[in-house]
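Q: generate a structure from the sequence data that follows.
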Amino acid sequence: MSNIDKFYTPVVVIGGGPAGLTAAYELQKCSDNHKPIVIEAGDKVGGISRTESHNGYRFDIGGHRFFTKVPEVNAMWQEVLEDDFITVPRLSRIFYRGKFFEYPLKPSNALKNIGFYESIRIILSYFKWQLRPYKDEQSFEEWVINRFGGRLYMHFFRSYTEKVWGIDPKEIRADWAAQRIKNLSLFKAVWNALTGSNDTASLIEEFQYPRLGPGMMWEKCAEKVMHKGGEVRMQSEVVRVNREGNRVTSVDVRRWDKETGPAPVTERIEGEHFVNTMALRDLIERMDPPPPQHIIDAANRLKYRDFLIVTLVLDQKDPFPDNWVYVHTPKIKCGRIQNFRAWSPEMLPDPTTASIGMEYFCQKGDGLWNMADSDLKELAASELEELGLGKAADVVDFAIIRQPKAYPVYDGEYKEALDTLQKWILSLENFQTVGRNGLHRYNNQDHSMLSAMLAARNILGSKHDVWGVNVERSYHEEFTVDKKSDNTKAMVSAV
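A: Predicted coordinates:
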């Protein structure tokens, strides 16, 4: 530590994704006496919100809309990115039974595609489950049926959910649906379509987006953190988290390089406070000394779903107009398809071409994950053609990104395991964990950011509950946090 650094309180931030960089940014915004040191294992900041590139084509690891009902998050987006946001109209559809269904729901389109007789059965099924709902919603299946009915669940939820998670929806906890589908129901979807009203995050019709992709936001954020004296260390992996009793004292960091691999020498970085965003299972594995055995066992029960994207460059413009298409057809392995020009024209270097992202949900080590890149390209091109969204012969280039631990799994074991881990982590007096994998919660980036903001303020003396972000009502209500208070205060007004 240099003489200059001795005047600052070092805060070690593990991970340079949205949560980690937000923690660093918020800390500097609220205090001149703390120095964040962000340690990122990858060669790009942004985590799964980063933007990758290949021969001038930029693409996301899944689409990332910039929409939030948390005003402080929106304020940070505007402060960091300033004039580099564009407003994007949302257009998305569902491909099912060989037809495209508009999403959000438009009754005329749905009726035409699914047929009058089946539409009546869907409506009758909905009212049946309104009269006799599941009393104690435990599974994803029960949660959805209570709000959409059994027929609509069978058509539009079951097969896609199995494709995304690789398990029966009966094994997925209702918590996931409550977070991701929010306060939507069949009645509300139809009412929104007929009246034009909309208070549901899942159905917003336009959103903001960085003109060069979401990674642009986090690249600029990292620059601002460094400009104010913080550090962002890339290609640096935390391999050990050292503690003495209930205080974390330092982390051991190993640098690595794409060409030469991990370096054999580690560096020890000391800090007064620590903010973690790495996956909880990995975090517990790297604690030294190890936590009690029941904590290790709990961490090992947490599961993750992995993801890969095959980006195809086509020598034709705009084969379809959607931002993205959900593929519910079980025989197609692809789960979702992105059209990156529809997000921003500046994502493509050549306006006469198209950049299409074919997304596959998988497990690290399974057949899809281990498939050769050339075979993945052939699979993606053939499925694009089978869906009628483009021709395999038009593919002139491709790129593949494999993303481990993209989604925390909400299976039957996760809640008890997470509660056990939460209790132990809260016993560490100078250590907090935030973000999607840091909380094992399937948050959007705005709630990951909010948890990080609260953690930064806790370092300065507040007592916010970072584990309470995006639980129950949080997305249906407006949130502001009273910075002058020592307690979390959700200034709530119904939307």
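Q: low-confidence regions, the stretch 151-300 of the chain specifically.
A: Within the stretch 151-300 of the chain, the stretches with pLDDT under 70 are 179-204, 258-262, 264-265.
Q: what segments of it are strands?
A: 206-210, 231-233, 236-244, 247-257, 261-270, 273-276, 287-288 (DSSP state E, counting those that start in this stretch).
Q: make CSV out of the ones you listed and add distance to residue 315 and mean neighbour count.
A: Bear in mind the C-beta positions are built from the backbone N, C-alpha and C, glycine included. What follows is the strands of the stretch 151-300 of the chain, written out as CSV (distance: least, Cβ to Cβ, whole Å; neighbours: other Cβ atoms under 10 Å):
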stretch, distance to residue 315, mean neighbour count
strand 206-210, 25, 19
strand 231-233, 38, 18
strand 236-244, 39, 18
strand 247-257, 35, 17
strand 261-270, 36, 13
strand 273-276, 45, 28
strand 287-288, 51, 16
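Q: residue 20 versus residue 241, what's the distance?
A: The gap separating residue 241 from residue 20 is 15 Å, by Cβ to Cβ, to the nearest Å.
Q: of the strands of the stretch 151-300 of the chain, which is nearest residue 330?
A: In terms of Cβ to Cβ, the element of those nearest to residue 330 is strand 206-210, at 29.5 Å.
Q: next one: the closest one to chain centre, how far?
A: Centroid separation for strand 206-210 versus its chain: 16 Å, with Cα atoms, centre = their mean, to the nearest Å.
Q: neighbouring contacts of it?
A: Applying Cβ atoms under 8 Å, 6 or more residues apart in numbering, the set of residues contacting strand 206-210 from outside is 64-67, 77, 81, 84-90, 216-217, 343-344.
Q: figure out which of the strands of the stretch 151-300 of the chain is closest to residue 446.
A: Of all those, strand 206-210 sits nearest to residue 446, with 11.4 Å by Cβ to Cβ.
Q: rewinding a little: show the buried residues in the contacts of strand 206-210.
A: Among the contacts of strand 206-210, those classed as buried by 16 or more other Cβ atoms under 10 Å are 64-66, 77, 81, 85-86, 88, 90, 216-217, 343-344.
Q: just these: which are in strands?
A: 85, 86, 88 (DSSP state E).
Q: would you list every one of the strands in the stretch 301-450 of the chain?
A: Using DSSP E, counting those that start in this stretch, the strands of the stretch 301-450 of the chain run over 304-314, 324-327, 336-339, 354-362, 395-408, 431-433.
Q: can you give me the end-to-end distance of stretch 269-282?
A: 19 Å (Cα to Cα, to the nearest Å).
Q: helix, strand or coil: sort out residue 135 for me.
A: Three-state assignment for residue 135 (DSSP: H, G, I helix; E, B strand; the rest coil): coil.
Q: what count of nearby residues applies to residue 397?
A: By other Cβ atoms under 10 Å, the residues close to residue 397 number 15.
Q: contact partners for the nearest residue to it once chain neighbours are set aside?
A: Nearest non-adjacent residue to residue 397, counting by Cβ to Cβ, 6 or more residues apart in numbering: residue 313, 3.9 Å away. With contact taken as Cβ under 8 Å, 6+ apart, residue 313 is in contact with 55, 57, 353, 354, 355, 395, 396, 397, 398.
Q: give me the buried entries from the residues you listed.
A: Buried among the contacts of residue 313 (16+ other Cβ under 10 Å): 57, 353, 354, 355, 395, 398.
Q: so which residue is dead centre in this protein?
A: The residue lying closest to the centre of the chain (Cα atoms, centre = their mean) is residue 444, at 4.8 Å.
Q: tell me who's in contact with it.
A: Shown in contact with residue 444 (Cβ under 8 Å, 6+ apart): residue 68.
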